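**Student:** Any chance you could fold what I've pasted below:
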Amino acid sequence: LMKKIIPHSRPSLGAEECAAAVKVIKSGFLAQGAETAGLERDCASLVGVRQGAAVSSGTAALYLALRALGAGPGREVVMPSYVCSSLWHAVKLCGAAPVLADSDPETFNLDPVSVKRSFGRKTAAVIVPHMFGLPAHVREIARLGVPVVEDCAQALGARSGGRRCGSSGAASVLSFYATKLAAAGEGGMVLSASEKVIRRVRDLRAYDGLVPDEPRFNFKLTDLQAAVARVQLRRLKTFLARRAALAREYGDLLGGVVGLPRQEDGRIYHRYVVILPRKVKAEDVEARLERRGVCARKPVFRPLHLHVACRGRFPGTEKAWQSALSLPLYPEMTAAQCRFVAAQLSKVLKGC
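**Tutor:** Numbers count the residues shown, from 1 in each chain. I've put the predicted structure just below:
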């Protein structure tokens, strides 16, 4: 047994991030300012949209994007069940009703057929995450005639059909949480080609000097976080290349052992999620790997339809939840660590 655990995720922070943070601290200006405005321009340019509005977290970004698109009491927002609960919280905070849809158990992305079945007269928007870095069917879902919010928290830098993920919906959101592709501890971004949407988000993210004509909150990002995030964006291409190299290494080692992630042009690897053999429980494999020095995780803690009252059936989601396992993947991971993880997974599965 190994005493030192190979972590599931780890941010890649170095001297350049430290220097950027120190520069902000020495300036004496820590709140939302020039660095935050620079991050907004950087993200809009990277994704290929007109403008961005930086906010305090990815969840805040979802909430504000939905508010800007008209989600609220008496309206519904369609979203996957197979996703982290931040989406559900954002919808509920708007006062809208979450309507859950099923996902494809091989891609882990929203099933457009299930989305169509979930539509109704009250539907205000659909949240479409690009799960683990694999582009989802955004344009197909957008053709249904309801605004799409692209959740790009796991897909910064991915492409689909020659376009950057985040540039096809009515709005898109990013996260700069510590485990994300560009990490600043916390932080989020709303992006849109619509000036009206961004203007509304900026109006809602603060309350100082504004008439209290509606509920507001402080959702602003600080220049300290923005400065670190800007450095991370400059390093993103290198990060993604390293993640892709590790994914190829995993693929060479685990082909025939587990189901491998879907290969598509333009995808990136925020997570390396494999599909375990039938009747093998992901939580059992996770526990056995931990004893062997590997921190693997079920990529979604628990589908939302198992937590909250909802209508419909979710066979794809339940299959994904039972069979998917996320292996360690981060830019500073070594090839030797990658081989060790693959070897331990193979040994564990032989004993199942």
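
**Student:** Quickly note the distance from Ser81 to Ala54.
**Tutor:** As judged by C-beta to C-beta, to the nearest Å, Ser81 and Ala54 stand 29 Å apart. The C-beta positions use only the backbone N, C-alpha and C, and glycine is treated the same way.

**Student:** now swap in Glu264 and tell me
**Tutor:** Relative to Ala54, Glu264 is positioned 30 Å away (C-beta to C-beta).

**Student:** for Gly351, same thing?
**Tutor:** Applying C-beta to C-beta to Gly351 and Ala54 gives a distance of 48 Å.

**Student:** So which elements touch the host helix or strand of Asp252?
**Tutor:** Per DSSP states H and E: Asp252 is located in helix 236-254. Contacts defined by 3 or more C-beta pairs under 8 Å, 6 or more residues apart in numbering; DSSP states H and E place helix 236-254 against strand 272-275, helix 335-350.

**Student:** Check which residues of that helix are buried.
**Tutor:** 236, 239-240, 242-243, 246-247, 249-250, 253-254 (16 or more other C-beta atoms under 10 Å).

**Student:** Let's have those in CSV, adding distance to Gly312 and pLDDT.
**Tutor:** Below are the buried residues of helix 236-254 laid out as CSV (distance: C-beta to C-beta, whole Å; pLDDT from 0 to 100):
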residue, distance to Gly312, pLDDT
Leu236, 37, 98
Phe239, 37, 98
Leu240, 35, 98
Arg242, 40, 98
Arg243, 34, 98
Leu246, 37, 98
Ala247, 33, 98
Glu249, 39, 98
Tyr250, 34, 98
Leu253, 38, 98
Leu254, 34, 98
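
**Student:** Quickly run through the sheet partners of the lengthiest strand in the chain, with directions.
**Tutor:** Determined from DSSP state E, the single longest strand within the chain is strand 123-129. Partner strands and pairing direction for strand 123-129 (DSSP bridges) are strand 76-80 (parallel), strand 148-151 (parallel).

**Student:** among the ones you listed, which is nearest Ser114?
**Tutor:** When the strands paired with strand 123-129 are compared by C-beta to C-beta, strand 76-80 sits nearest Ser114, at 8.7 Å.

**Student:** following the closest one, which helix or strand shows up next?
**Tutor:** Past strand 76-80, the next helix or strand by DSSP H and E is helix 86-94.

**Student:** what mean pLDDT does the longest strand of the chain have?
**Tutor:** On average, the pLDDT along strand 123-129 is 98.

**Student:** Check stretch 169-186 too.
**Tutor:** Mean predicted confidence for stretch 169-186 is 98.

**Student:** For the residue nearest the centre of the chain, list the residues it contacts.
**Tutor:** With the centre of the chain defined as its mean C-alpha position, the nearest residue by C-alpha atoms, centre = their mean is Ala153, 2.7 Å away. Going by C-beta atoms under 8 Å, 6 or more residues apart in numbering, Ala153 touches 58, 129, 173-175, 177, 180.

**Student:** repeat that for 7 Å
**Tutor:** Shown in contact with Ala153 (C-beta atoms under 7 Å, 6 or more residues apart in numbering): 58, 173-175, 180.

**Student:** Just flag the most distant two among those residues.
**Tutor:** The widest separation within the contacts of Ala153 (C-beta to C-beta) is 11.5 Å, between Val173 and Lys180.

**Student:** element containing the closest residue in space to Cys84 that isn't next to it in sequence?
**Tutor:** Among residues not flanking Cys84 along the chain, Val300 sits closest, at 6.5 Å (C-beta to C-beta, 6 or more residues apart in numbering). Under the criterion DSSP H and E, no helix or strand holds Val300.

**Student:** And Val300, how close does it get to Gln154?
**Tutor:** With C-beta to C-beta as the criterion, Val300 and Gln154 are 11 Å apart.

**Student:** repeat for Ile6
**Tutor:** Distance, Ile6 to Gln154, by C-beta to C-beta: 21 Å.

**Student:** same check, this time on Trp321
**Tutor:** When Trp321 is compared with Gln154 (using C-beta to C-beta), they lie 17 Å apart.

**Student:** If we ignore the residues flanking it in sequence, what's nearest Asp102?
**Tutor:** Ser114 (3.9 Å).

**Student:** What's the local residue count around Thr36?
**Tutor:** 23 (other C-beta atoms under 10 Å).

**Student:** Below-threshold pLDDT in the chain: ranges please.
**Tutor:** 1-3 (pLDDT under 70).

**Student:** So what touches stretch 51-58?
**Tutor:** With contact meaning C-beta under 7 Å, 6+ apart, stretch 51-58 is reached by 36, 39-40, 43-44, 61, 64, 86, 153, 173-175, 177, 186-192, 195, 198, 201-202, 205, 219-221, 226.

**Student:** How far does that stretch sit from its chain's centre?
**Tutor:** Remark: stretch 51-58 is offset 14 Å from the chain centroid, using C-alpha atoms, centre = their mean, to the nearest Å.
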